[in-house]
Structures are given as C-alpha cells and as structure tokens.
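Enquirer: My questions concern the predicted model and sequence given below.
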Amino acid sequence: MNVFSPVSCRNIEAMEPYFSACTNRICDNTAGVTFQWRKIFQTHFAIAGDTLVTRSVYKHIGPCYSVPIGPGDVNGGIAAAERDARELGEELRFACVGADQLPLIEARYGNLYIAEEKRDWFDYLYEADSFRTYSGKKYHGQKNHVNRFYKEFPEAECREITEDMFPECIAFLERIEAEHPEMSEVERNELKGTMDLIELACRLNQRAACLVTRLGITALSVGEIKGDTLFAHAEKADVNASGAYPAMAQAFVNFMGTGFTYVNREDDAGDEGIRYSKLNYKPIELIPKYLVTVYA
C-alpha cells in the first residue's frame, strides 16, 4: 500500500526528478509550485509505479490528485490515488490536468469521467524575448513604467539572493504583509511560501533575484527553468516604488540568462486585478487546465 505523506523540506528533493521528467508547461508540475503552496493546499504525495502523484485540498472542491508524472507506469500512480480516495471516502478527482494528460484519464476510465475547464487555473505563457526588451507598441506601458523606475532609482541593481540576504528578504516580505492588513490568509501564506522557496532554492534547482535600490530590497522573484520554459513562481515588489513590478519581471528574465523560449507566469486564481495585470503583459497562450471527476 502506498501511503501519502505531507510534502516538506525533508522530502521535496526526492520528488524533483519526477518533476524534471514531466515535459508539459503546466506550473503545477514543478517542484517550485508544489513546495511553495504545500501548506495552503495541505499537499501530500506518494511514489507509485515509479511515478509521483500528489493530493491537494482545493477550497469548495475537496481533495484532488495530480495526474501522475515520471518515467514509470502512470497506472501505478493512478491506482494509488484510487486507493487513497476510497480510504478518505472521497470522489476520485484530478486537478490541474493538462490537455496532454486527458488521454491518460480516458485510457483508464473510458467515458466514465467529466472534465471541467477551470479558467481560474489557466497558466499565462509569454515569449521570453518580449520581457527582455518590452519593445513594440503593445509593451509601451511596461516600458514607460520601467523607465520611470530607473529614473527614480538609477542605482538599482539586480542581484542574486544569497543566504546572507535572507534576513533582509524576510523583512521585505514582512513589510509587504504589514502594509496590506486586508490580505487574506491565503495571501499571507503565499508570502511565507515565497520565503520557503527562496531558502530552498539551491536544493530545488531554483534561482532567486532581487532589485536593490537605496531603499534596500525593492522587489524580488524566484523561479526555475524546465525545458524551454522559465517558470516565475513568485514576484513581489514595493508598490511605493513606481514601476518596480515590471522592472523586476524584466530583470528576472534577463538574470536567468538564455536557453529558454517561454515564460510561464502561472494562473490568476480568479482575482480580477491579477487577471488584468497578466493579460496586460500580452500572453501568447493561456494554457488550459481541467478538473476531472471520475465516476468509474
């Protein structure tokens, strides 16, 4: 029997090779997202049939499983999910299922499932080169914001976040939290997850960078490259520093170098403000994701 265990800093490294073996561009199939959001979604995992399957608890839905990833037999991971769902007395549901993964569901269950497209889960995919320069009319707004930022902070420098900078990063994130008392519990936990990810960056093939100005750390970002895609897992900025967000987005892509064609800036979680911002960066694709409920 495969027992699902909570995802933690002690076992996340063992999961990383399975994420690396996954070739789709869905952010949920990365070590960074799984670790950053593990507490919010009460994420557990199991290794079965040489595949990785996770269980996360979604608000208003309940426990859901990932489609197993890795080099082994996907049916071994699905069987583990089936057993776990029975033990929990829950329907068998798979969340954040990519279009490329739906055939795996159909191969096992035939037509005994329903796949529901979830717009709030869609990932935003961009061309990396568009962030490097913000050139062209459609990025006129971003370029103006960045120019204003560097005019106000000509000393701004993008630096890799090293261990000696952790206390300053923590203070920066705590300041963001203090300045936004209206934050939800999920948003507060996201800030904590961001710092967790920064602290474990080197162990999970992540890199973290920040913009340093006379104010100290003014913005930061953390992410990873997988295949042809840079996954930007977190981006935080001082809203009092005009233009810090687009400046950090550009600086992080340039900091991460070359060797990737796309940038995945993840989903908007149904937040209208975040959706507006992500659309404003002109994605080349919205990657659909599905909630699958099995009735077999």
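Expert: Now that the structure is in, tell me what you want to look at.
Enquirer: dump the residue contacts of the closest residue in space to residue 209 that isn't next to it in sequence.
Expert: Of all residues not flanking residue 209 in the chain, residue 255 sits nearest, at 4.6 Å (CB to CB, 6 or more residues apart in numbering). Yep, even glycine has a C-beta here, placed from its N, CA and C like the rest. Counting by CB atoms under 8 Å, 6 or more residues apart in numbering, residue 255 makes contact with 158, 160, 207, 209.
Enquirer: Restricted to strands, list those residues.
Expert: Counting by DSSP state E, the contacts of residue 255 place 158, 160, 207, 209 in strands.
Enquirer: wait, doesn't residue 169 sit right on residue 198?
Expert: Yes: at 6.0 Å, residue 169 counts as touching residue 198 under the criterion of CB atoms under 8 Å.
Enquirer: all helices of the stretch 1-150 of the chain, in order?
Expert: For the stretch 1-150 of the chain, the helices defined by DSSP state H, counting those that start in this stretch occupy 12-20, 31-36, 74-88, 102-109, 128-133, 140-152.
Enquirer: Of those, which is nearest residue 180?
Expert: helix 31-36 (18.7 Å; CB to CB).
Enquirer: Identify all contacting residues around the closest one.
Expert: Under the contact criterion CB under 8 Å, 6+ apart, helix 31-36 has outside partners 7, 9, 12, 15-16, 19, 27-28, 43, 45, 54, 190, 193-194, 196-197, 200, 204-206, 222-224, 231, 233-234, 266.
Enquirer: thinking again about what came up before, what pLDDT is listed against the residue nearest to residue 209?
Expert: Per-residue confidence (pLDDT) for residue 255: 98.
Enquirer: In the chain, what helix or strand scores lowest on average pLDDT?
Expert: helix 185-199 (a mean of 91; mean pLDDT, DSSP states H and E).
Enquirer: what's the farthest-apart pair in the contacts of residue 255?
Expert: Farthest pair in these (CB to CB) is 158 and 207. Separation: 11.6 Å.
Enquirer: Thanks a lot, see you next time.
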